[in-house]
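Visitor: Just a sequence and a predicted model for now, questions to come.
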Amino acid sequence: QEEAFVPKKKMKNPTVDTSFLPDRERELKEIEERKRLTEEWHEQQEAIKKEVIEITFSYWDGSGHRRSIKCTKGSTVGQFLELARRALHEEFRELKGVASDNLLYIKEDLILPHDMTFHFLIQTKARGKSGPLFHFDVHDDVRLVNDARVEKDESHAGKIVQRVWYERNKHIFPASRWEVYDSE
């Protein structure tokens, strides 16, 4: 009576970490968590876009006329230009018949496209030739104020000009320095 060799059944070790193995329940939980976090992020972005900011600008017709306007961070440059045109057309009669499409907004020597939002510029920390395009929490370091080697964190007032004025004067300073903003 020879007993047939019966191999022992291999047992699984319950102490081994199996978190790297696929698991339907864990994957479903992760998907739900991602959806929840995505919705939360979108809600936060919408709340940020609704925040009101004050933008200081200068209507430029050869000399500066400084003003400021409040708009939301989600506003586009085109919407801002329309608000500015409405605020300025009483004082500057030449703006009465001008559409906001025929105005340009120049910030830090860059001409900003009309479809770009302020939220995008702030979120991406967009930079101009001489510093940040939009920096609302500016704090000067007293030790560094007069040092030309140190880049400033302050941003200057943007200029609003008529497209016609720009075309006539783009060979003359300061318009000769202005370039179209490229987000890349």
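Guide: Cool, got the structure. Keep in mind the model is a prediction, meaning the values are calculated, not measured. Numbering: from 1, shown residues only.
Visitor: Confirm for me that residue 158 is in contact with residue 55.
Guide: Yes. Contact status for residue 158 versus residue 55: in contact at 7.2 Å, counting by C-beta atoms under 8 Å. (C-beta placed from N, C-alpha, C; glycine too.)
Visitor: ok, the two, which is more surrounded?
Guide: residue 158 (23 against 20; other C-beta atoms under 10 Å).
Visitor: Need the per-residue pLDDT for the closest residue to the more buried one other than its chain neighbours.
Guide: Among residues not flanking residue 158 along the chain, residue 107 sits closest, at 3.9 Å (C-beta to C-beta, 6 or more residues apart in numbering). Per-residue confidence (pLDDT) for residue 107: 81.
Visitor: Over to residue 167?
Guide: Here, the pLDDT recorded for residue 167 equals 83.
Visitor: Now do the SS call for residue 44.
Guide: helix (DSSP: H, G, I helix; E, B strand; the rest coil).
Visitor: How many neighbouring residues does it have?
Guide: 10.
Visitor: The one 4 residues further on too?
Guide: Counted with other C-beta under 10 Å, residues neighbouring residue 48 total 14.
Visitor: That one sits in which helix or strand?
Guide: Using DSSP states H and E, the element containing residue 48 is helix 24-49.
Visitor: related to what we said a few turns ago, and the residue nearest to residue 158, how close does it get to residue 26?
Guide: Per C-beta to C-beta, to the nearest Å, residue 107 is found 48 Å from residue 26.
Visitor: Neighbour count for those two, which is higher?
Guide: Neighbours of residue 107 and residue 26, each counted by other C-beta under 10 Å, are more numerous for residue 107; the result is 23 against 11.
Visitor: The more buried one pairs with what?
Guide: Beta-bridge pairing for residue 107 (DSSP bridges): residue 110.
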